[in-house]
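Engineer: how does the following fold in three dimensions:
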Amino acid sequence: MQSLRLWMVIVLIVTGSVSAQEIKLPQNPLEGRIVFEEKKCIECHAIGGFGGTVGPDLSRQQFFGSALELASVIWNHAPQMNRKFRQLRMNRPQLTGEEMLDLFGFLYYLRYLGEPGGVAKGKRLLEAKGCVQCHTVAGKGGTVGPDLENVQRYAAPLFLIQAMWNHGPAMQEQLKISGMKFPVLTGQDIADIAAYLRQATTGSTEMRMSPGNPAKGKSLFEEKHCSNCHLGEGKPKRVEPGLIRIDLKKGVTEVASTMWNHGSLMMERMKRESIEWPHFEENEMADLIAYIYFLGFEDKPGDDRRGESVFRKKGCVDCHKVAGGGRGPDLSSIKRFDSPIRMIQLMWNHASEMEDLLITQNKKWPGLSTYEMRDLYAYLKRVTQK
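Structural biologist: Below you'll find the model as predicted:
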């Protein structure tokens with residue numbers, strides 16, 4: 001039951017109640033790469049080894065999660081970044097709300113791509129997990145299932161995952177007949193098997209899946225009846241007691257392996273409730289997993305009362321006075337505080353000017369934790385709705 005408890009509820013990042021997601025789901029999370037390059041982030045930060053070395057390679061540093069968690073890291077790092085801009089004689093880039101959303105979506109997506117697989121390990125896994133009892137690879141193996149060497153789409157991890165999922169019910173029946181155990185897989189196992197199959201396939205055309213469209217995946221979550229048992233965005237149809245939230249900061253193959261390992265229990269439940277096993281075609285599995293992954297992009301709600309305290313303790317109130325009169329604008333007069341991205345965008349564009357002012361006043365940069373970011377946004381959202 002532990003694996004069932006681990007997977008049964010996919011929770012939107014909320015506390016107490018499930019509310020509509022405030023941050024718009026991206027159509028293509030990779031579009032933020034354009035912003036990353038055009039705003040010259042790549043001059044200091046690399047992605048997968050390509051880019052500058054002044055800052056860390058962002059694909060190898062797991063220091064960000066939700067939107068406001070990433071915002072906290074960037075905000076606390078702002079004075080150091082400002083110094084680098086001055087040293088390199090670079091203008092600090094200004095961002096629109098859409099650019100900030102694209103950039104944050106891209107950075108959050110980096111972990112989704114997962115780790116590369118190992119060919120030798122993948123070959124061993126096909127034997128150790130019993131796959132070759134039914135499938136032929138490189139001329140060896142069973143003939144119950146398709147020859148994996150001749151089916152090129154299995155060489156792409158997401159096509160492999162989709163094919164395995166669609167094959168699940170038939171595979172369960174075959175396992176019962178043969179007396180074999182259900183093959184439990186880790187995310188790295190799937191990456192390794194896919195790496196081996198890429199080398200073993202004989203076709204000349206490489207099959208690839210798109211990275212996944214989270215917005216389409218949201219619709220599929222309903223269409224494939226995932227919401228019958230799992231929490232996504234919106235009101236749940238069923239909530240199982242005592243279940244825990246999975247860690248959504250995982251790569252695509254890790255999310256997929258959790259789904260796969262949960263498959264046998266899911267089949268039993270679906271049979272009892274007369275729900276048809278969901279079948280996926282074309283890019284649907286990629287879209288669904290992208291949506292599941294992006295549930296972790298949304299933050300837990302903050303506390304507006306604590307946020308008001310943060311606003312005062314961090315010195316924001318010294319410049320941003322209600323009804324005006326401060327050096328900065330009255331934040332209650334700013335419209336469209338309908339998303340954390342709006343707050344993040346304004347803070348980023350304001351950071352250089354703010355630092356200069358603090359230096360003249362001999363004041364320290366006001367660091368903000370993720371929790372303080374959440375609370376501050378809750379407060380600003382309340383005051384701007386008046």
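Engineer: distance of K313 relative to G367?
Structural biologist: Distance of K313 to G367, given as C-beta to C-beta, to the nearest Å: 11 Å. For glycine as for every other residue, the C-beta is placed from the backbone atoms N, C-alpha and C.
Engineer: err, P116, not the other one
Structural biologist: Separation of P116 from G367 (C-beta to C-beta) stands at 36 Å.
Engineer: pLDDT below threshold where in the chain?
Structural biologist: Applying pLDDT under 70 to the chain flags residues 1-21, 61-64, 150-155, 202-210, 231-250, 322-325, 336, 385-386.
Engineer: show me it divided up by domain.
Structural biologist: Following automatic domain parsing, one finds the domains of the chain at 2-12+114-297, 29-113+302-383.
Engineer: CSV for the ones you listed, including mean neighbour count?
Structural biologist: Below are the domains of the chain laid out as CSV (neighbours: other C-beta atoms under 10 Å):
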stretch, mean neighbour count
domain 2-12+114-297, 18
domain 29-113+302-383, 17
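Engineer: okay, the ones you listed in CSV with distance to I23 next?
Structural biologist: Below are the domains of the chain laid out as CSV (distance: least, C-beta to C-beta, whole Å):
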stretch, distance to I23
domain 2-12+114-297, 6
domain 29-113+302-383, 6
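Engineer: for G217, give me its contacts.
Structural biologist: D287, L288, I289, A290, Y291, I292, F294 (C-beta atoms under 8 Å, 6 or more residues apart in numbering).
Engineer: for the helix or strand that contains the third one, output the C-alpha coordinates as PDB.
Structural biologist: Spelled out, that is I289. I289 is located in helix 284-294, with elements delineated by DSSP states H and E. C-alpha atoms of helix 284-294 as PDB (Å, rounded to 0.1, in the frame of the first residue of the first chain):
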ATOM      1  CA  GLU A 284      -0.400  12.800 -24.800                       C
ATOM      2  CA  MET A 285       1.800  11.100 -22.200                       C
ATOM      3  CA  ALA A 286       4.400  13.900 -22.600                       C
ATOM      4  CA  ASP A 287       1.700  16.500 -22.100                       C
ATOM      5  CA  LEU A 288       0.200  14.800 -19.100                       C
ATOM      6  CA  ILE A 289       3.500  14.300 -17.300                       C
ATOM      7  CA  ALA A 290       4.500  18.000 -18.100                       C
ATOM      8  CA  TYR A 291       1.200  19.100 -16.400                       C
ATOM      9  CA  ILE A 292       1.900  16.900 -13.300                       C
ATOM     10  CA  TYR A 293       5.400  18.200 -13.100                       C
ATOM     11  CA  PHE A 294       4.300  21.800 -13.300                       C
END
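Engineer: next helix or strand past that helix?
Structural biologist: Following helix 284-294 in sequence, per DSSP H and E, is helix 304-313.
Engineer: residues making contact with that following helix?
Structural biologist: For helix 304-313, the surrounding residues in contact (C-beta under 8 Å, 6+ apart) are 316-317, 320, 368, 372, 374-382.
Engineer: do that again at 6 Å, thanks
Structural biologist: V317, E372, D375, L376, A378, Y379, R382 (C-beta atoms under 6 Å, 6 or more residues apart in numbering).
Engineer: and stretch 60-79, by the same measure?
Structural biologist: Applying C-beta under 6 Å, 6+ apart, the contact partners of stretch 60-79 are 23, 104, 249, 297, 299, 340, 344, 351, 355, 365, 367-368, 370, 373-374.
Engineer: just the closest of the residues you listed to A138, please.
Structural biologist: When these are compared for distance to A138 (C-beta to C-beta), K249 comes out closest, at 35.9 Å.
Engineer: ranges for the strands of the stretch 1-150 of the chain?
Structural biologist: Taking DSSP state E, counting those that start in this stretch as the test, the strands found in the stretch 1-150 of the chain are 46-47, 50-51, 136-137, 140-141.
Engineer: still on that earlier bit, so which of the contacts of G217 comes closest to H279?
Structural biologist: Of all these, L288 has the smallest distance to H279: 12.0 Å, by C-beta to C-beta.
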